[in-house]
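Undergrad: got a structure for you, letters missing:
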C-alpha cells in the first residue's frame, strides 16, 4: 500500500509547475466495481492529480443525465459503500490522491465516524459534500479535524460574500467552486460566472479553489486553469465508459484524461 499524498502537497506541486491540478470524477461501481477500479487507475496514469470517487445515490439532485445513468448502473450492479473505499485505495496505490464525493444521507446512514475512519484507512484525503452546509456539519467537522480529513464544501455563483466567507472558513484541502447554477454535465462553455466566483472566493481564503460543473474540453481546462487552482471534470470522463465494451471504454477514458491533462499543462 502506498502512503497517501496530502492535498496540500498536490497543490504545492502544481503551483511549482505553474499550472492547475486536474481533478477527475468517477462513480464507484461503474461500469462495474472491478472496472471502476481499473478506470481510477487509468485516470491516475494519464495525468489526473486528484480522483474524485463518487458514491452512487438514488436521489442525485445535482447530477446531470450522464452521471445519473452511471450511478443507476452502479446501483443496479450492487455497488456498496465498502466498494467506494476499494476504489479510493486503488487510486492511492496507483500513486494518486483520492477524495470522495457524496450526498450526505448515505454518510448519515453508514455512520459519520465509521465512514470517516474507513475513508482514512483506505488512504482517502477528504470528502466533498455538495448538499451539506457548514452550519449543519458540526459532527462531520469535528470528526474530520480529528482524523485529518479535508472538509470540502461548495460555493456557487449565487453565494453571497457572507456565505462564501462562512463556507471557506470551514473548508480544508480546497474549496469546490460550482461554476454554474444547475446540474452537472459537459457544456460548450463554462461562462464568466466561474472567474468571478473564484475571485470572490480567493478574496475570502488562502485555500486552493477548484472549479467544477460543465468542464469538458482541454481548451476549457486550459482557460479555467489560468485563474483557478484546480479544474474538476466529471461527465466528460464518465461518458467515455458508457461504451458497452469495457476495453474500448477504458481506452477512451485514457485518451480523454490525457487531453484534459495536456490542457492544464499548456
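TA: Here it is on my side, so go on. As the structure is a prediction and not an experimental result, all values here were calculated from the model.
Undergrad: so which other helices or strands are in contact with the one helix or strand residue 74 maps to?
TA: Using DSSP states H and E, residue 74 sits within helix 65-76. Counting contacts by 3 or more C-beta pairs under 8 Å, 6 or more residues apart in numbering; DSSP states H and E, helix 65-76 is packed against strand 21-27, helix 235-238. Quick note: C-beta positions are derived from backbone N, CA and C, even for glycine.
Undergrad: the ones you listed: lowest mean pLDDT?
TA: Comparing mean pLDDT over the helices and strands packed on helix 65-76, the weakest stretch is helix 235-238, at a mean of 92.
Undergrad: run the chain-centre distance for that helix.
TA: How far helix 235-238 lies from its chain's middle: 12 Å, per C-alpha atoms, centre = their mean, to the nearest Å.
Undergrad: give me the residues contacting it.
TA: The contact list for helix 235-238, computed with C-beta atoms under 8 Å, 6 or more residues apart in numbering, reads 24-27, 30, 43, 64, 66-67, 70, 184-186, 215-217, 253, 256-257, 260.
Undergrad: could you export the helices and strands packed on helix 65-76 as JSON lines, including distance to residue 227?
TA: Converted to JSON lines, the helices and strands packed on helix 65-76 look like this (distance: least, C-beta to C-beta, whole Å):
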{"stretch": "strand 21-27", "distance to residue 227": "14"}
{"stretch": "helix 235-238", "distance to residue 227": "20"}
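Undergrad: can you give me the helices in the chain?
TA: Counting by DSSP state H, the chain has helices at residues 7-16, 33-45, 65-76, 81-93, 104-110, 112-121, 138-147, 161-169, 193-204, 218-225, 235-238, 246-265.
Undergrad: please identify the deepest-packed of those.
TA: Across the helices of the chain, averaging neighbours per residue (mean count of other C-beta atoms under 10 Å) puts helix 235-238 on top, at a mean of 25.
Undergrad: in this structure, which residue is closest to the centre?
TA: By C-alpha atoms, centre = their mean, the chain has its centre lying nearest to residue 52, at 3.3 Å.
Undergrad: is it true that that one touches residue 97?
TA: No. Between residue 52 and residue 97 there is no contact under C-beta atoms under 8 Å: 10.0 Å.
Undergrad: below-threshold pLDDT in the chain: ranges please.
TA: When residues are selected by pLDDT under 70, those of the chain lie in 1-2, 59-63, 180-191.
Undergrad: hmm, 80 instead?
TA: Applying pLDDT under 80 to the chain flags residues 1-4, 58-64, 179-192, 214, 243-244.
Undergrad: tell me the bridge partners for residue 178.
TA: Assessed by DSSP bridges, residue 178 has beta-bridge partners residue 212.
Undergrad: please begin residue numbering at 401 from this point
TA: In the new count, where the first residue is 401, that last one comes out as residue 578.
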